[in-house]
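In: after the sequence you'll find the predicted model.
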Amino acid sequence: MELRHLRYFVAVAEELHFTRAAARLHIGQPPLSQQIQALEAELGVSLFHRTRRSVQLTEAGRHLLERARTILAASTDVAAELQRIARGESGELRIAFTSSGLLIPELRSALKTYRQRYPGVSLRLSEMYTHAQFAALIAGELDVGFVRYNEPAAPAGLRLQLLRRDRLCLILPDDHPLASQPRIHLADCRNEAFIGYPAGAGASLVDYLQALCRNAGFEPHITQEAREAQTQIGLVAAGIGVAVLAEPLALIRVEGVRFIPLADPGAEVCMALATRAEEASPRVQGFMNGLLPARVD
């Protein structure tokens, strides 16, 4: 039994007249009669009482009419929902970002624009370190990532599109001897106690800080680890040590703390949009369309 058979049956059941039903369906009356007979033969029941003057539903026909209307309505709903999904207007979009992600205007603006354009899409937002985002994208557990990544090539299977570059800053207490400097070279910090991300956490800044300090001629002395940037800033305010973080995190106002840009060459971190290399989701494309026109290279 096909959906078109149910549509033919409903038309006849509602019109109770084969000629009018055929006109409504834009088909000939003989083919319609043949299709109804074939449906009755398939079901093994009579659906209509036919006389020269009238057509009436049998008890089985009345029951089928209720079921047919439900089935046809459901099929219409499913088709409409599938069309919305194909246009990127329905479903779920999974987005992750690093700790400074929501502090940059590109992401905030993109989220606001997307919510306005696609209210039927559910957004699932997560804060993740860069390497955790890469793993989630490859595993199909994430759709879009905002990552800190300075390497020239994207990890295998992924695509990166540069959004912006942010200067790295030394975060230190405002009573520190270097707190009055407009810019600081890392070489001047060789004897400082550093606060950093855990080595195995997957934060890209772990490797960048090590490389920058080595270029400055020393190994950083990490005396305290903290997984959250805000925690690191709080530890600096408590006099535990100094930290190196991206400049947008200066928007987190903590009394007694200064953010001073690093003067060292290459002391910056890139913010990039990460997706799967062969991504074809219309939801992802819709999000990217709202974001990339505002990108800064």
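Out: Done, it's in. Treat the numbers as computed from the prediction; the structure is a model and nothing was measured.
In: part of a helix, is residue 150?
Out: No. Per DSSP: H, G, I helix; E, B strand; the rest coil, residue 150 lies outside any helix segment and is coil.
In: not counting its neighbours along the chain, what's nearest it?
Out: Sequence neighbours aside, residue 270 is the residue nearest to residue 150 in space, at 5.4 Å (criterion: CB to CB, 6 or more residues apart in numbering). (C-beta placed from N, C-alpha, C; glycine too.)
In: mean confidence for whichever strand or helix holds residue 289?
Out: Using DSSP states H and E, residue 289 falls within helix 282-291. Throughout helix 282-291, pLDDT has a mean value of 86.
In: neighbours of the residue nearest to residue 150, how many?
Out: For residue 270, the count of nearby residues is 17 (other CB atoms under 10 Å).
In: what about it, distance to residue 10?
Out: 60 Å (CB to CB, to the nearest Å).
In: likewise for residue 106?
Out: Distance from residue 106 to residue 10, by CB to CB: 52 Å.
In: now residue 51
Out: With CB to CB as the criterion, residue 51 and residue 10 are 21 Å apart.
In: these two: which is more packed in?
Out: Remark: of residue 51 and residue 10, residue 10 carries more neighbours, 18 against 8, as counted by other CB under 10 Å.
In: so the more buried one is in which element?
Out: Here residue 10 sits within helix 3-15, counting by DSSP H and E.
In: tell me the helices and strands packed up against that helix.
Out: For helix 3-15, the packing partners by 3 or more CB pairs under 8 Å, 6 or more residues apart in numbering; DSSP states H and E come out as helix 18-25, helix 29-43, helix 59-86.
In: now do that helix, average pLDDT.
Out: Rounded mean pLDDT across helix 3-15 is 90.
In: in that helix, which residues are buried?
Out: If you call a residue buried by 16 or more other CB atoms under 10 Å, then helix 3-15 has these buried ones: 5-6, 8-13, 15.
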